[in-house]
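Student: Kindly generate the corresponding structure for this input.
(one chain, ligands or ions: 2)
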Amino acid sequence: MSLNEIRKAAARIVGFDPKTLDMGPVVLEAGALRQVAPYLKERGYKQVSIVADETTYEVAGRRLYDAIATEGISAHVTKITPNKQGDVIADEASVVQLMLDAKAKKAEVIVALGSGTLHDIARFTAYTIGIPFLSVPTAPSVDGFNSKGAPLIIRGDKQTIQTIGPEAIFADLDVLVEAPPALVAAGFGDMLGKYTSLFDWKFGSITSGEVYEQVVADITMKALLDCVAHVDEIAERKEEGIRLLTAALLDSGFAMLVFGQSHSASGAEHHLSHFWETTFLREDRRQILHGAKVGVACAEISAYYRTIIGDVSAKLPAEQQDAVKLELAKVPDEAEIRRLLTKVGGPSQPSDLGIDSELLAAGLREAHRIRPNRSTMLKFYNDNR
Ligand SMILES: NC(=O)C1=CN([C@@H]2O[C@H](COP(=O)(O)OP(=O)(O)OC[C@H]3O[C@@H](n4cnc5c(N)ncnc54)[C@H](OP(=O)(O)O)[C@@H]3O)[C@@H](O)[C@H]2O)C=CC1
Ligand SMILES: O=C(CO)COP(=O)(O)O
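Tutor: Ligands and ions are numbered 1, 2, ... in the order given. From the prediction side, this is the model:
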């Protein structure tokens, strides 16, 4: 959907503050990278901080830096230092690294040049020092370019802090089509996760009176179904497939931005993924792409929910039982989710990710504690067993 269509849809939400979507431009086209420097000039920025890592700097950072300098704007690049396993992660050290650089250079705006992790480092830092950030995605791997939430690793735990959305987005299809297949499959996996996150949000609204916005759920579901309908084009990584996937990721991000929290996009499948992520960090293991974990976790949650629905239903008031069963029936079964993941070339089983049955079982017992305020069916089951 275009930003204007999102604005129109969001206007139907009672009490929605239109300033939330006071942003633009949102550019998703070939050559979008070339529009960044003229935009910065037009906005009158004189000091720009670009945050990248070694890879994203090579992919697009050098070109961006030169283009900004050519406009007579002072730019500097912070390449976030990887952890000892070689992964760039959004933790205290990365945030402080960018904060110190941006402060020292008196940056007026931060440009996030990368995928999910670099965006979270950028949005948290920009919010903390009180400046805006621009989104320049280099891979269609997550729906986190334009949300407000910054999932950070704080003292080893994954906490999501509500910060700010981007001032503008420049998603260059020339760059995105070159992203490695694993990152494309991860983006598709992050979208498939919406099957179970949307179920969990509905579950929370039925059983715990969790605030639910149909418009936000509809935007997310439409984005998800667009991806599923075009799985072949996405798997082929042609320009149209990558455009469709990126547009869906942006729409899901906008849905989170409009709602102000991530209920539409993050349910038990994300909590399971976060559980695996922090376990790997504690064990000094290399990180697995977020969307790769989410896709597999979505299949696991779809299967698990079907095994526990009887027990859950027995503990619900009679009038909620049918509604919950009806919603669960709309979630594709695990075989279908794994089939779609395989089709797009991504991992489909926990073992593909190095997750054994013990870690899987531990996550199903404990992952809900990562987001104790979210009324997922996993939390209900574990709290009431
Ligand atoms: N804020 C939100 O609402 C959301 C946030 N997230 C967060 O996003 C994070 C995960 O982001 P994700 O995008 O999966 O992974 P990362 O941002 O961690 O990126 C993984 C790696 O992708 C590589 N990369 C990126 N673009 C390119 C490219 N064009 N060519 C080659 N390599 C490239 C980089 O390579 P290299 O490693 O070689 O440097 C990068 O480090 C998680 O922490 C998750 O919680 C996820 C969804 C929503
Ligand atoms: O990853 C997200 C959506 O894809 C956001 O998840 P959290 O709100 O759980 O950090």
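Student: and Thr128, how far is that from Asp101?
Tutor: To Asp101, Thr128 is 13 Å away according to C-beta to C-beta, to the nearest Å. C-betas here are computed from N, CA, C, even on glycine.
Student: and those two? which has more neighbours close in?
Tutor: Set Thr128 next to Asp101 and count neighbours by other C-beta atoms under 10 Å: Asp101 wins out with 19 against 16.
Student: so how far is the helix or strand containing that one from its chain's centroid?
Tutor: According to DSSP states H and E, Asp101 maps onto helix 92-104. Put simply, helix 92-104 sits 22 Å off its chain's centre (C-alpha atoms, centre = their mean, to the nearest Å).
Student: which secondary structure elements does that helix contact?
Tutor: strand 47-52, strand 74-79, helix 116-129, strand 149-154 (3 or more C-beta pairs under 8 Å, 6 or more residues apart in numbering; DSSP states H and E).
Student: Can you give me the pLDDT of Gly24?
Tutor: You'll see Gly24 listed with a pLDDT of 86.
Student: hang on, the earlier thing: switch the helices and strands packed on helix 92-104 over to a markdown table; also include mean pLDDT.
Tutor: Supplementary listing: the helices and strands packed on helix 92-104 in a markdown table, determined by pLDDT from 0 to 100:
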| stretch | mean pLDDT |
| --- | --- |
| strand 47-52 | 98 |
| strand 74-79 | 98 |
| helix 116-129 | 98 |
| strand 149-154 | 96 |
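Student: Between the ones you listed, which one is closest to ligand 2.
Tutor: Set against ligand 2 and scored by C-beta to the nearest ligand atom, these come closest in strand 149-154, at 3.5 Å.
Student: which residues sit against the closest one?
Tutor: 89-92, 95, 120, 123-124, 127, 144, 158-163, 256, 261-262, 274, 278, 281 (C-beta atoms under 8 Å, 6 or more residues apart in numbering).
Student: same for ligand 1: which of the residues you listed are within range?
Tutor: 90, 120, 144, 256, 262 (C-beta under 6 Å from any ligand atom).
Student: Tell me which of these fall in strands.
Tutor: Per DSSP state E, strands hold no members of those.
Student: which one of those has the most neighbours?
Tutor: Taking other C-beta under 10 Å as the neighbour criterion, Asp120 ranks highest of those with 28 neighbours.
Student: wait, that residue sits on Gly144?
Tutor: Yes: taking C-beta atoms under 8 Å as the definition, Asp120 is a contact partner of Gly144 at 6.5 Å.
Student: quick revisit: identify the farthest-apart pair in the ones next to ligand 1 among the contacts of strand 149-154.
Tutor: Ala90 and Met256 (16.5 Å; C-beta to C-beta).
Student: sorry, back to before: including distance to ligand 2, could the helices and strands packed on helix 92-104 go into TSV?
Tutor: Putting these into TSV (distance: least, C-beta to the nearest ligand atom, whole Å) gives the following:
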stretch	distance to ligand 2
strand 47-52	19
strand 74-79	23
helix 116-129	8
strand 149-154	4
